[in-house]
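Colleague: Here is my input, please return the structure:
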Amino acid sequence: MAKTALVVGASGIVGSATAALLVEQGWTVQGLARRPVEQAGVTPVVADLTDAAGSAAALADVKPDAVFITTWLRQDSEAENIRVNSAMVRNLLDGLRPGGAPRHVALVTGLKHYLGPFEAYGKGTLPQTPFREEQGRLDIENFYYAQEDEVFAAAARDGFGWSVHRPHTVIGKAVGNAMNMGTTLAVYATLCRETGRPFYFPGSAAQWNGLTDMTDAGLLAEHLLWAATTPAARDEAFNVVNGDVFRWSWMWGRIAAAFGIEAAPFDGTVRPLEQQMADDAPVWRELALRHGLAEPDLARLASPWHTDADLGRPIEVVTDMSKSRRLGFTGYRATDDAFLTLFDRLRADRLIP
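Modeller: Purely as a prediction, here's the structure:
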């Protein structure tokens, strides 16, 4: 088997972790992004996948054995999410076709497959948890479904194998990412410590008291590589989470302790981060200057809207991993360790003090 890979969205949380693992495992890796960042061992490919002709030109000499699609572009409505993000997948696979189809294409989506898109997130009639892969699509428009359909159509046409990966909220490092709970909470905790504000849990009582799980970016990268190299995983969709479960009533104190602060008591009041952090951009800029941090732009580190969506859900969300386990994937991460490892990395990279 050739060991050449194209990681699409290589500068993001999942893409950067996947590229790093592939390099470590001896693969030749190209990383596609609109604005690539320097990554050891990764050859950058500059492309805007919303531009079909430009994508085709950028991909003319790219002939990967495996493709890992880890990117999307957030739009103002689900209809626009569907139009833009399905076109990006289509333009990518059409652009690769003249050089010969890859052997395997992996698509990263997520639990909105079961929960619905942000416009209807966690509302209406939802499947029972734990979520299992055999649960069908919701009867609602969802850009994840549109992305899948583009992959399925191209696979039927060109003969490659595919895998779909559905992580829960991903813990990992990236700057300028649209969905980044770990860094958002690190920034929020830092602001609370530096300003003396209470470290309030921003979400719902259902999330505070209920069981949940998450996905470490490094573990997801391992899962992507496993599926791309395991014949039994061909043409399958998989949930992928760390393997542990927790309650935020426990985890919140662990995160507070990592920043030397006390967790404020939770009284059931929802206090969205988007409101709590609405006026914090100048506060963060001053803090970054005082501590010599690498990123003074709060908007490039924190995504309060996304963290609010996850922590404000009215239902308990846990994810079944039995399908992967039965086929031999045994990767595991403790979620509190995943958070603490991320916080250490953010400090080492001078993104938080």
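Colleague: Quick check, Thr71 in contact with Gly12.
Modeller: Yes: under the criterion of CB atoms under 8 Å, Thr71 makes contact with Gly12 at 6.0 Å. C-betas here are computed from N, CA, C, even on glycine.
Colleague: Can you give me the distance of the closest residue to Arg345 other than its chain neighbours to Asp344?
Modeller: Nearest non-adjacent residue to Arg345, counting by CB to CB, 6 or more residues apart in numbering: Lys173, 5.5 Å away. Look at Lys173 and Asp344: by CB to CB, to the nearest Å, they are 10 Å apart.
Colleague: before we move on, what about Gly9?
Modeller: Taking CB to CB, one finds Gly9 at 24 Å from Asp344.
Colleague: out of those two, which sits in the busier spot?
Modeller: Neighbours per residue (other CB atoms under 10 Å) separate Gly9 from Asp344, with Gly9 holding more: 26 against 11.
Colleague: what sits up against stretch 199-210?
Modeller: Stretch 199-210 is touched from outside by 188-189, 192-193, 247-249, 252, 256, 259, 261-264, 266, 268, 270-273, 276, 307-308, 310-317, with contacts defined as CB atoms under 8 Å, 6 or more residues apart in numbering.
Colleague: Show me where the stretch 151-300 of the chain dips below the pLDDT cut-off.
Modeller: Residues of the stretch 151-300 of the chain meeting the criterion pLDDT under 70: 178.
Colleague: Tell me where it has helices.
Modeller: 181-195, 205-209, 217-229, 248-258, 273-276, 281-291 (DSSP state H, counting those that start in this stretch).
Colleague: Just tell me which of these ends up closest to Gly41.
Modeller: Shortest separation from Gly41 across the helices of the stretch 151-300 of the chain is recorded for helix 217-229, at 14.0 Å, computed as CB to CB.
Colleague: So which elements touch that closest one?
Modeller: Here helix 217-229 touches helix 13-24, strand 66-69, strand 104-108, strand 161-167, strand 170-171, strand 236-240, going by 3 or more CB pairs under 8 Å, 6 or more residues apart in numbering; DSSP states H and E.
Colleague: which of the ones you listed sits most buried?
Modeller: Mean neighbour count (mean count of other CB atoms under 10 Å) peaks for strand 66-69 among those, with a mean of 29.
Colleague: which helices and strands does the following helix or strand past that strand pack with?
Modeller: Once the chain leaves strand 66-69, the next helix or strand it forms, by DSSP states H and E, is helix 78-96. Packing partners of helix 78-96 (3+ CB pairs under 8 Å, 6+ apart): helix 52-58, strand 66-69, helix 143-158.
Colleague: mind checking how far the shortest one is from the chain centre?
Modeller: It stands for strand 66-69. The chain centroid and the centroid of strand 66-69 are separated by 15 Å, computed with CA atoms, centre = their mean, to the nearest Å.
Colleague: contacting residues for the most centrally placed residue in the chain?
Modeller: In the chain, the centroid-proximal residue (CA atoms, centre = their mean) is Val170; its distance is 4.5 Å. Shown in contact with Val170 (CB under 8 Å, 6+ apart): Ile13, Val14, Met179, Met181, Met214, Thr215, Asp216, Ala217, Leu220.
Colleague: now the residues you listed in a markdown table, with distance to Phe238?
Modeller: Listed next are the contacts of Val170 as a markdown table, based on distance: CB to CB, whole Å:
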| residue | distance to Phe238 |
| --- | --- |
| Ile13 | 18 |
| Val14 | 14 |
| Met179 | 20 |
| Met181 | 21 |
| Met214 | 16 |
| Thr215 | 11 |
| Asp216 | 15 |
| Ala217 | 16 |
| Leu220 | 10 |
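Colleague: closest to Val45 among those residues?
Modeller: Nearest to Val45 among the contacts of Val170 is Val14, at 16.9 Å by CB to CB.
Colleague: List the contacts of the closest residue to the closest one other than its chain neighbours.
Modeller: Leaving aside its chain neighbours, Val14 sits nearest to Thr70 (4.1 Å; criterion: CB to CB, 6+ apart). Thr70 sits next to Val7, Val8, Gly9, Ala10, Gly12, Val14, Gly15, Thr18, Val108 when contact means CB under 8 Å, 6+ apart.
Colleague: repeat for Pro98
Modeller: Applying CB under 8 Å, 6+ apart, the residues near Pro98 are Ala56, Ala60.
Colleague: for it, helix, strand, or coil?
Modeller: Three-state call for Pro98 (DSSP: H, G, I helix; E, B strand; the rest coil): helix.
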